[in-house]
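>>> How does the following fold in three dimensions:
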Amino acid sequence: MQALDRVDLRPRVQQALDEQLARQRAVLDELGPPMTPLLEAIAELLSGGKRLRATFLYWGWRALGGPDDPAAVRAASAMEIFQAAALLHDDVMDHSDLRRGHPTAHRRFARYHQEQRWSGDPDSFGHAAAILAGDLCLNWTDEVFTTSGLPQDALDRARPEFDRMRTQLMGGQFLDMLEGARGWRDLDLEQRLERCLTVIRYKSARYSVQQPLLIGADAAQVDGQTRRSLGRFGAALGEAFQLRDDVLGVFGDPEQTGKPAGDDLREGKHTVLVAHALALADPSGAQLVEDALGDPDLDEDAVDRVREVLVGSGALGRTEQMVDRGAERALEEISGAPDLTQEGREALTELVAVCTRRST
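Alright, predicted model coming up:
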């Protein structure tokens, strides 16, 4: 049984999210029908996904002996609302057209502006509306966690990591934007990898795996040694998880990823995969990858040629090795972590496979 499906966690998280949306609809009813598109955009984003971040918080709580109760599920659901905020903002910054196979929120709002034949620029309206939707989700994240029903002492213990997560993600987003702006030309492979991994750590790995896990564990009153083991587990697995996502960004099936194949190339993302390709490919192959990076008009044939370079140069293989090493380190940490419940240890072990499984 996968950890995502233990104790019917995913449908319970969805129920908690639906209840939160219903409460917020009542709050915004005073503002009238114009609020409907805003809430619909958020509701659509909150209706899908694997629920990984909620799962890590929940099993951090359960692994330290916390009970299976609605309060834990509601606290875990706050992680999904936080992710929604990050995705809404990220899609604006990346100029993404699709998210999970559907138009991104800023594209939906721009189209709505056009359909209504309003004045002003539809794209500017779409960007502003999506940013506001993300800000709403940031506000709700705190509200849902604080009113989850967890005991006050549990909330107080978890609060420092909860606050650290929210601050560090915004810093990680800025680092990602900064890397795209200042470029790599004067850096060697090791320097490029260091920058990539720093962005991975603060933009994705911590808030996706490590910090939700530690928030749950802190709430359940984890001791120092066990917390350090869980932190190392989360760091290793979070990094491997994002490296896997970077591979899927180029090689993934759009039916599975919900985004066009090669979108990470079109967006010009500086990834470990690309760093290895630029270092390992022959001059013509490296130039092909460099020319493709950041080209919004990159077609399928060009993406296929880049894939050939990534495979032939060994860049894909090197990245897969890093994913495998991260998974191995995570498994070592969780097998030796003291004071975990048997069910919690099993669930966290299952999550290693969920986060790093190859699909190419």
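
>>> use CA for all of it now, contacts and neighbours both
Fine.

>>> mind listing the strands in the protein by residue range?
For the chain, applying DSSP state E gives strands covering 98-99, 102-103.

>>> any residues touching the helix or strand of the chain with the lowest mean pLDDT, and which ones?
Lowest mean confidence among the helices and strands of the chain (mean pLDDT, DSSP states H and E): helix 254-257, at a mean of 78. Contacts made with helix 254-257 from outside it, assessed by CA atoms under 8 Å, 6 or more residues apart in numbering, are listed as Arg100, Gly101, Leu248, Gly249, Pro260, Ala261.

>>> if we can go back for a sec, Gln242: which of the strands of the chain is closest?
Gln242 sits nearest to strand 98-99 of all the strands of the chain, at 16.8 Å, using CA to CA.

>>> Tell me where the model's unsure across the stretch 1-150 of the chain.
Where the stretch 1-150 of the chain drops to pLDDT under 70, the residues are 1.

>>> all helices in it, in order from the N-terminus.
For the stretch 1-150 of the chain, applying DSSP state H, counting those that start in this stretch gives helices covering 9-28, 36-45, 52-63, 70-94, 105-116, 122-146.

>>> I'd like the distance from Arg232 to Ala337, if you could.
According to CA to CA, to the nearest Å, Arg232 and Ala337 sit 10 Å apart.

>>> Over to Gln210?
Counting by CA to CA - Gln210 and Ala337 are separated by 15 Å.

>>> Next: Leu46.
For Leu46, the distance to Ala337 - CA to CA - is 33 Å.

>>> now, of the strands of the chain, which is deepest in the fold?
Highest mean neighbour count of these: strand 98-99, a mean of 16 (counted as mean count of other CA atoms under 10 Å).

>>> Pairing partners for it, with directions?
According to DSSP bridges, strand 98-99 forms sheet pairs with strand 102-103 (antiparallel).

>>> The lengthiest helix in the chain: which residues count as buried?
Ranked by residue count and defined by DSSP state H, the top helix of the chain is helix 152-182. Neighbour-count burial for helix 152-182 flags 154-155, 157-159, 161-162, 165-166, 168-169, 172-173, 175-177, 179 (criterion: 16 or more other CA atoms under 10 Å).

>>> Equivalent analysis for stretch 293-301, please.
Using 16+ other CA under 10 Å as the test for burial, stretch 293-301 gives Leu293, Gly294, Leu298.

>>> Residues contacting it, please?
Stretch 293-301 has contacts (CA under 8 Å, 6+ apart) with Ala261, Gly262, Leu265, Arg266, Glu267, Gly268, Lys269, Ala292.

>>> So which of these wins on neighbours?
Counting neighbours by other CA atoms under 10 Å, Gly262 leads the contacts of stretch 293-301 with 26 neighbours.

>>> List the contacts of that one.
By CA under 8 Å, 6+ apart, the residues touching Gly262 are Gly249, Val250, Phe251, Glu300, Val303.

>>> residues in contact with the closest residue to it other than its chain neighbours?
Using CA to CA, 6 or more residues apart in numbering and skipping residues adjacent in sequence, the residue nearest Gly262 is Val250, 4.4 Å away. Going by CA under 8 Å, 6+ apart, Val250 touches Ala261, Gly262, Asp263, Asp264, Leu265, Val303, Arg307.

>>> hang on, isn't the first one packed against Asp253?
Yes: applying CA atoms under 8 Å as the test, Ala261 and Asp253 come out as touching, 6.7 Å apart.

>>> quick revisit: can you give me how far the least confident helix or strand of the chain is from the chain middle?
How far helix 254-257 lies from its chain's middle: 16 Å, per CA atoms, centre = their mean, to the nearest Å.

>>> quick one: low-confidence ranges for the stretch 251-360 of the chain?
Within the stretch 251-360 of the chain, the ranges that satisfy pLDDT under 70 run 359-360.

>>> That one: helices as residue ranges?
Under the criterion DSSP H, counting those that start in this stretch, helices of the stretch 251-360 of the chain are mapped to 254-257, 263-266, 272-280, 283-292, 300-312, 315-336, 342-356.

>>> Of all those, which one comes closest to Ala78?
Closest of the helices of the stretch 251-360 of the chain to Ala78 is helix 342-356, at 19.3 Å (criterion: CA to CA).

>>> Check which helices and strands that closest one is in contact with.
In this structure, helix 342-356 packs against helix 52-63, helix 224-251, helix 315-336, with contacts taken as 3 or more CA pairs under 8 Å, 6 or more residues apart in numbering; DSSP states H and E.

>>> Who has more neighbours out of Gln210 and Ala337?
Ranked by neighbour count (other CA under 10 Å), Gln210 and Ala337 place Gln210 first, with 27 against 17.

>>> Spatially nearest residue to that one, not counting backbone neighbours?
Nearest one to Gln210, counting by CA to CA, 6+ apart, is Gly234 at 3.9 Å.

>>> measure the closest residue to Arg107 other than its chain neighbours to Ala41 for me?
Leaving out its chain neighbours, the residue that sits closest to Arg107 by CA to CA, 6+ apart is Gly126, at 6.1 Å. Between Gly126 and Ala41 the computed distance is 11 Å (CA to CA).

>>> One more: Asp264?
Separation of Asp264 from Ala41 (CA to CA): 23 Å.
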